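> For reference, the sequence and a predicted model appear below.
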Amino acid sequence: MAESTEMDQLLTSFKKFAVHGDTKATGKEMNGKNWAKLCKDCKVIDSKNVTGTDVDIVFTKVKAKTSRVITYEEFQKALEELAPKRFKNQSKEEALQSIYKLIEGKEPANVGVTKVAKTGTVDRLTDTSKYTGSHKERFDESGKGKGKGGREEIVEHTGYVGAYKNAGTYEEKTKAK
């Protein structure tokens with residue numbers, strides 16, 4: 001009975017790693033990238049006895065020639081190949097049980113996933129009170145953007161060019177003459 005629950009946990013871990021990072025995955029087959037991630041996250045790769053290259057070689061050995069993925073049965077064969085290499089001082093059965101214990105109940109880790117960093121530099125660059133020139137025109141005193149009015153020149157249809165100092169004085173000059 002205890003062995004069947006161990007196998008259930010192993011199958012659950014297989015499915016979780018099989019669908020990791022792939023929205024179209026069904027959980028019945030695992031690709032090489034996820035196999036390498038499983039071995040790394042579950043500490044099957046120890047960089048002494050088992051390396052990333054060993055994991056890739058075993059994956060290539062157990063998969064079908066034309067296939068790019070392994071099934072659960074092929075996954076178990078791959079673990080059988082890696083177990084004696086990872087646990088050299090144990091018998092084949094003990095090594096297999098030890099490698100199962102490493103993987104059972106594990107999930108893909110999201111350690112190292114990039115987080116948004118809001119540092120002093122970002123705060124300084126997005127502080128609207130320090131903006132100068134035409135950029136300052138785009139925000140009101142509170143730092144809130146003015147929207148379209150702050151981005152575009154609003155055209156006055158007066159017939160004068162923008163920033164002309166004597167706008168509206170033409171009639172006065174012509175009447176004086």
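Cool, got the structure.
> in this protein, which helix or strand is least confident?
Least confident helix or strand, the chain: helix 148-151 with a mean of 65, by mean pLDDT, DSSP states H and E.
> Assign a three-state SS to His30, would you?
If you look again at residue 30, you'll see it is Met, not His. Secondary structure state of Met30, per DSSP: H, G, I helix; E, B strand; the rest coil, is strand.
> For this structure, give the helix that spans the most residues.
helix 2-19 (DSSP state H).
> Need the contact partners of that one.
Helix 2-19 has contacts (C-beta atoms under 8 Å, 6 or more residues apart in numbering) with 25-31, 34-35, 37-38, 41-42, 72, 75-76, 100, 103-108. Quick note: C-beta positions are derived from backbone N, CA and C, even for glycine.
> Buried ones in that helix, by neighbour count?
Residues of helix 2-19 classed as buried by neighbour count (16 or more other C-beta atoms under 10 Å): 9-10, 12-19.
> do stretch 97-109 as well
Under 16+ other C-beta under 10 Å, the buried positions of stretch 97-109 are 99-100, 102-104, 106, 108.
> Run a quick check on Lys88 versus Asn49, I expect a contact.
Yes. Contact criterion C-beta atoms under 8 Å: Lys88 and Asn49 qualify, at 6.3 Å.
> Those two: who's more crowded?
The residue with more neighbours, out of Lys88 and Asn49 and counting by other C-beta atoms under 10 Å, is Asn49; that gives 14 against 9.
> quick revisit: may I have the longest helix of the chain exported as PDB, CA atoms only?
Extracted in PDB, the C-alpha atoms of helix 2-19 (Å, rounded to 0.1, in the frame of the first residue of the first chain):
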ATOM      1  CA  ALA A   2       2.800   2.400   0.900                       C
ATOM      2  CA  GLU A   3       4.500   1.800  -2.500                       C
ATOM      3  CA  SER A   4       1.300   2.800  -4.400                       C
ATOM      4  CA  THR A   5       1.100   6.200  -2.600                       C
ATOM      5  CA  GLU A   6       4.800   6.800  -3.400                       C
ATOM      6  CA  MET A   7       4.100   6.100  -7.100                       C
ATOM      7  CA  ASP A   8       1.100   8.400  -6.900                       C
ATOM      8  CA  GLN A   9       3.300  11.200  -5.500                       C
ATOM      9  CA  LEU A  10       5.900  10.500  -8.200                       C
ATOM     10  CA  LEU A  11       3.200  10.600 -10.900                       C
ATOM     11  CA  THR A  12       1.900  13.900  -9.500                       C
ATOM     12  CA  SER A  13       5.400  15.400  -9.500                       C
ATOM     13  CA  PHE A  14       5.800  14.200 -13.100                       C
ATOM     14  CA  LYS A  15       2.600  15.900 -14.200                       C
ATOM     15  CA  LYS A  16       3.400  19.100 -12.500                       C
ATOM     16  CA  PHE A  17       6.800  19.300 -14.100                       C
ATOM     17  CA  ALA A  18       5.400  18.200 -17.500                       C
ATOM     18  CA  VAL A  19       3.000  21.100 -17.700                       C
END
